[in-house]
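> Predicted model, plus sequence, below.
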Amino acid sequence: MNKMSVFFVAILSMGLTFGCASDPSVSGNERQSKPGNFAIISYNVLYGFNHGKSLKIGADWINEQKPNVVALQELNGFNKKRLEQTAGLWGHSYSEILKEPGFPVGLTSKEPIETIEKRLKGMHHGFLHCKTSGINFIVVHLAPFDFRKRQKETSAICAKVRNLIESNEMLVVLGDFNAVSPLDKEYLDSKSELLEFLIAKDKSYLRRQNLDNGRFDFSVMQKFLDFGLEDVCYKLLKDTRELDGSLPTMIRGRQAHAKFLRRIDYVLMDKNLSQNTVYAAIPREGNVNWISDHYPVVIRLHLSEK
């Protein structure tokens, strides 16, 4: 091959490479060049893995991801001992649970867990603040029926966020926020059936006010962003269909999935930690459609040993 031919082959290869990186049809997973060495999963598991019926397939799926840390919401029917036993199914020796009655959140890890705070006062479900592998994890499940309650919960959580960020602590806030993001506004503007459905829900139940005067409320997620946290799924999956939603799965039916799919589950990180994120996914294929009504969120970081 002469020099001119080599030149044109090189230019063509560069064009294909950059074209793939900017093509919105390419999934976020395919864009990642590094697998990372630290995996985080956040998962609302629907009344304790679909009322216990999906525990095995749920544990098997989590185990396949080889996570370092797993944050779980709706651990109904679990206590500390049961969570310890279940965490062992995906190779984790350490776990913590917020409470036993109601809708507990929990955290499991390969490494020892330091429990910093279990907050119930002034919260709907409460939140759990732990530290493992040198990273602060705040596991949340915000109020499901009233955006004004979520705003108050967010203010309490963000007080901790401010202190941790000012102290240069590594921080992840993750879980079921029961709130839509301003980053998804363009997508949500196209979901007229979803908005009509939520308007009808608010009118049907006096205790429910998820909309702000018939409009999507973005204030909750905006406040987390304003405090300096980054939405790593949006960062890596922007302009892909994978970002469309984390709820509902096919367990609620194909029609509901198509009409009402939106994102309310997030993994938020401080800016320094976010820079180490090399992979993000909201898997929507296979068994995750039958484990829960939420899809999991999977994040992989590339962290130095230091």
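The structure has been received and is ready for your questions. Everything quoted here is computed from the prediction, not taken from an experiment.
> Show me the helices in the stretch 101-250 of the chain, by range?
For the stretch 101-250 of the chain, the helices defined by DSSP state H, counting those that start in this stretch occupy 147-166, 185-188, 192-204, 219-226, 232-237.
> can I get those in a markdown table with mean pLDDT and distance to Lys53?
No exception for glycine: its C-beta is placed from N, CA and C like everyone else's. Output for the helices of the stretch 101-250 of the chain, formatted as a markdown table (pLDDT from 0 to 100; distance: least, Cβ to Cβ, whole Å):
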| stretch | mean pLDDT | distance to Lys53 |
| --- | --- | --- |
| helix 147-166 | 97 | 29 |
| helix 185-188 | 97 | 32 |
| helix 192-204 | 95 | 26 |
| helix 219-226 | 98 | 31 |
| helix 232-237 | 97 | 28 |
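> now, of those, which is deepest in the fold?
Greatest average neighbour count among these goes to helix 232-237 (a mean of 22), per mean count of other Cβ atoms under 10 Å.
> and Ala280, bridged to which residues?
With DSSP bridges as the criterion, Ala280 is bridged to Ile299.
> Near it, how many other residues are there?
Neighbourhood size, Ala280 [other Cβ atoms under 10 Å]: 25.
> next one: Gly134
Look at Gly134: counted by other Cβ under 10 Å, it has 10 neighbours.
> still on that earlier bit, how about the helices of the stretch 101-250 of the chain in CSV, adding distance to Leu247?
Putting these into CSV (distance: least, Cβ to Cβ, whole Å) gives the following:
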stretch, distance to Leu247
helix 147-166, 15
helix 185-188, 13
helix 192-204, 11
helix 219-226, 15
helix 232-237, 14
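> Ala281 is nearest to which of those?
Closest approach to Ala281 among the helices of the stretch 101-250 of the chain (Cβ to Cβ): helix 232-237, 7.7 Å.
> other SSEs contacting that closest one?
For helix 232-237, the packing partners by 3 or more Cβ pairs under 8 Å, 6 or more residues apart in numbering; DSSP states H and E come out as helix 28-31, strand 265-269, strand 277-281, strand 297-301.
> Let me know the angle separating the last one from strand 265-269.
Using axes from the mean of the first three to the mean of the last three Cα atoms, to 10 degrees, the inter-axis angle of strand 297-301 relative to strand 265-269 is 20 degrees.
> Could you list every helix and strand in contact with strand 297-301?
Applying 3+ Cβ pairs under 8 Å, 6+ apart, one finds that strand 297-301 contacts strand 38-44, helix 232-237, strand 265-269, strand 277-281.
> Please name whichever of those is nearest to Ser246.
Closest approach to Ser246 among the helices and strands packed on strand 297-301 is made by strand 265-269 (3.9 Å; Cβ to Cβ).
> ok, that closest one: who's next to it in the sheet?
Strand 265-269 is paired, per DSSP bridges, with strand 171-176 (antiparallel), strand 230-231 (antiparallel).
> Show me what secondary structure element comes after that strand.
helix 271-274 (DSSP states H and E).
> quick one: contacts of that following helix?
Ile135, Asn168, Met170, Leu171, Val172, Gly228, Glu230, Val232, Lys235, Leu301 (Cβ atoms under 8 Å, 6 or more residues apart in numbering).
> In a markdown table, list the helices and strands packed on strand 297-301 along with distance to Gln151.
Shown next, in a markdown table, are those (distance: least, Cβ to Cβ, whole Å):
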| stretch | distance to Gln151 |
| --- | --- |
| strand 38-44 | 21 |
| helix 232-237 | 21 |
| strand 265-269 | 16 |
| strand 277-281 | 27 |
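> so which of the ones you listed gets nearest Arg150?
For these, proximity to Arg150 was assessed by Cβ to Cβ; strand 265-269 is nearest, at 12.9 Å.
> about what we covered before: and the contacts of helix 271-274, which two are furthest apart?
Farthest apart among these by Cβ to Cβ are Asn168 and Lys235. That separation is 20.7 Å.
> how many other residues sit next to Leu72?
For Leu72, the count of nearby residues is 31 (other Cβ under 10 Å).
> What strands line up against the host helix or strand of it, and which way round?
Using DSSP H and E, the element containing Leu72 is strand 69-73. Each strand paired with strand 69-73, and its direction, by DSSP bridges: strand 38-44 (parallel), strand 105-109 (antiparallel).
> next helix or strand past it?
Counting by DSSP H and E, the element after strand 69-73 in chain order, helix or strand, is helix 80-87.
> ok, the residue most central in space within the chain to Phe224 distance?
For the chain, the residue sitting closest to the mean C-alpha position, by Cα atoms, centre = their mean, is Tyr266 at 3.1 Å. Per Cβ to Cβ, to the nearest Å, Tyr266 is found 8 Å from Phe224.
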